[in-house]
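[1] Quick one: sequence plus predicted model below, questions after.
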Amino acid sequence: MKNFALIGAAGYIAPRHMRAIKDTGNTLAVAYDINDSVGIIDSLAPRAEFFTEFESFYEYGHRLKRSPLSALDYVSICSPNHLHHPHIAAGLRLGCDVICEKPLVPTPDLLDELERVERESGKRVFTILQLRHHEAILRLREKVANAPANTKFDVDLTYITSRGKWYAASWKGDPRKSFGVATNIGVHFFDMLHFIFGRVRSNVVHHAGDDKAAGFLEYERARVRWFLSIDAGDLPDEVKGKKTTYRSIVVNEEELEFSEGFTDLHTVSYQEILAGRGYGSADARQAVETVHVIRTAQPSPAHSDGHPFLKRLSS
């Protein structure tokens with residue numbers, strides 16, 4: 001049984017990590033968040049210590065090292081995106097392996113720095129790339145691998161997840177903290193595309209706004225038109241008023257069905273990490289590089305490589 005700490009316990013994604021810790025037979029020993037709305041802990045780890053000051057949390061983690069029975073083995077990180085790097089480094093320097101939500105860090109340079117801290121500490125950082133464990137994604141990856149080597153797939157990726165006015169007022173609406181919509185809601189999709197279709201060959205941005213982004217990516221085995229949005233107005237007519245999220249991947253004009261099967265993927269990710277098969281910083285690099293280019297690119301006009309939803313923006 002391993003002892004875990006969790007940073008960012010009041011966040012949206014934190015309960016999935018708490019459940020994964022419990023479901024894998026481990027203990028959440030201590031949690032930290034600047035906010036104290038963490039009642040979920042009562043049902044998942046009622047004996048966990050809780051701190052609202054990072055300094056107190058960090059000092060307590062050092063005290064736990066005095067006994068092999070209480071020493072922390074892992075630190076799980078669910079804090080805002082801009083804090084991932086310092087929180088990962090702190091966890092590694094506590095003598096722990098680290099499990100961090102995506103995006104691991106915003107830039108390749110910070111990824112290089114994390115790898116230095118890994119070498120200095122002798123510990124590892126792992127990231128949650130849950131779509132790599134989704135059965136539909138694994139089947140598609142196998143299909144692509146079995147296709148003739150010169151086959152190039154045409155893909156349309158569309159993800160619209162409606163967000164209210166709170167989003168703009170939160171850290172997620174601040175590009176200095178979330179690094180923009182393409183990073184915040186898109187990085188795991190870009191990792192999925194890399195996982196299935198290989199390395200990126202071309203990365204073009206057609207639209208970059210506060211609430212939506214679109215572009216074209218060419219991979220070794222695919223040409224991908226992508227569109228990401230948090231604007232409910234972008235939902236297709238057949239979905240409006242019925243659902244707040246629309247997720248679609250069309251491969252060679254065939255819809256990939258993967259609307260289900262997301263519930264337990266964090267637990268699967270933890271199982272793989274604990275079994276020594278987790279995804280680390282090297283696995284995250286391609287997606288980190290992709291979103292970094294998207295954030296810093298100058299949008300260019302779309303032609304035949306433009307996502308179909310772009311037409312709505314100009315109408």
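    Received, thanks. Note that the structure is predicted; figures quoted are calculated from it, not measured.
[2] Need the three-state assignment for Arg63.
    Here Arg63 is helix, with the state taken from DSSP: H, G, I helix; E, B strand; the rest coil.
[3] And it, how close does it get to Phe57?
    Using CB to CB, to the nearest Å, we find Arg63 at a distance of 11 Å from Phe57. The way it works is simple: take the backbone N, C-alpha and C, and place the C-beta from them, glycine included.
[4] Also Lys242?
    For Lys242, the distance to Phe57 (CB to CB) stands at 43 Å.
[5] Comparing these two, which shows the higher neighbour count?
    Applying other CB atoms under 10 Å to Lys242 and Phe57 shows that Phe57 carries more neighbours, namely 21 against 7.
[6] Find me the pLDDT at that one, would you?
    Reading off the confidence values, Phe57 has pLDDT 98.
[7] Kindly report the same for Ser300.
    pLDDT, Ser300: 94.
[8] And the one 4 residues further on, by the same measure?
    The confidence metric pLDDT takes the value 87 at Ser304.
[9] SS state for it?
    Using three-state DSSP, the three-state assignment for Ser304 comes out as coil.
[10] ok now do it, which residues does it touch?
    Contact analysis of Ser304 by CB atoms under 8 Å, 6 or more residues apart in numbering lists nothing.
[11] Next, work out how far apart it and Ala182 are.
    Applying CB to CB, the value for Ser304 to Ala182 is 21 Å.
[12] In the stretch 201-315 of the chain, what residue spans correspond to strands?
    212-219, 222-229, 245-251, 254-256 (DSSP state E, counting those that start in this stretch).
[13] so which of the ones you listed gets nearest Gln130?
    Ranking the strands of the stretch 201-315 of the chain by their distance to Gln130 (criterion: CB to CB) puts strand 245-251 first, at 13.8 Å.
[14] For stretch 213-233, the averaged confidence score.
    Computed over stretch 213-233, the mean pLDDT rounds to 97.
[15] give me every residue that touches Ser269.
    20, 128-130, 133, 278.
[16] at 7 Å instead, please
    Contacts of Ser269 were listed using CB atoms under 7 Å, 6 or more residues apart in numbering, and they are 128, 130, 133.
[17] Nearest to His266, out of the strands of the stretch 201-315 of the chain?
    Nearest to His266, of all the strands of the stretch 201-315 of the chain, is strand 245-251, at 17.7 Å by CB to CB.
[18] how far is the closest one from where the chain is centred?
    Between the mean C-alpha location of strand 245-251 and the chain-wide mean there is a distance of 18 Å, by CA atoms, centre = their mean, to the nearest Å.
[19] can you list the weak-confidence ranges in the stretch 151-300 of the chain?
    Per-residue confidence for the stretch 151-300 of the chain (pLDDT under 70) gives these ranges: 259, 261-263.
[20] What are the boundaries of the helices in it?
    Using DSSP state H, counting those that start in this stretch, the helices assigned to the stretch 151-300 of the chain run over residues 165-169, 175-178, 181-184, 187-197, 265-274, 281-296.
[21] got CSV for the ones you listed, with distance to Ile40 too?
    Compiled in CSV, the helices of the stretch 151-300 of the chain are given as follows (distance: least, CB to CB, whole Å):
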stretch, distance to Ile40
helix 165-169, 19
helix 175-178, 23
helix 181-184, 22
helix 187-197, 23
helix 265-274, 14
helix 281-296, 27
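[22] Would you tell me which of those helices gets closest to Asp211?
    Of the helices of the stretch 151-300 of the chain, the one closest to Asp211 (CB to CB) turns out to be helix 181-184, at 6.3 Å.
[23] Can you check which of the helices of the stretch 151-300 of the chain gets nearest to Tyr74?
    Closest approach to Tyr74 among these (CB to CB): helix 265-274, 8.3 Å.
[24] from the middle of its chain, how far away would that closest one be?
    14 Å.
[25] May I see the strands of the stretch 201-315 of the chain organised as JSON lines, with distance to Glu238 and mean neighbour count added?
    Written out in JSON lines, the entries for the strands of the stretch 201-315 of the chain read as follows (distance: least, CB to CB, whole Å; neighbours: other CB atoms under 10 Å):
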{"stretch": "strand 212-219", "distance to Glu238": "19", "mean neighbour count": "22"}
{"stretch": "strand 222-229", "distance to Glu238": "16", "mean neighbour count": "24"}
{"stretch": "strand 245-251", "distance to Glu238": "9", "mean neighbour count": "17"}
{"stretch": "strand 254-256", "distance to Glu238": "13", "mean neighbour count": "12"}
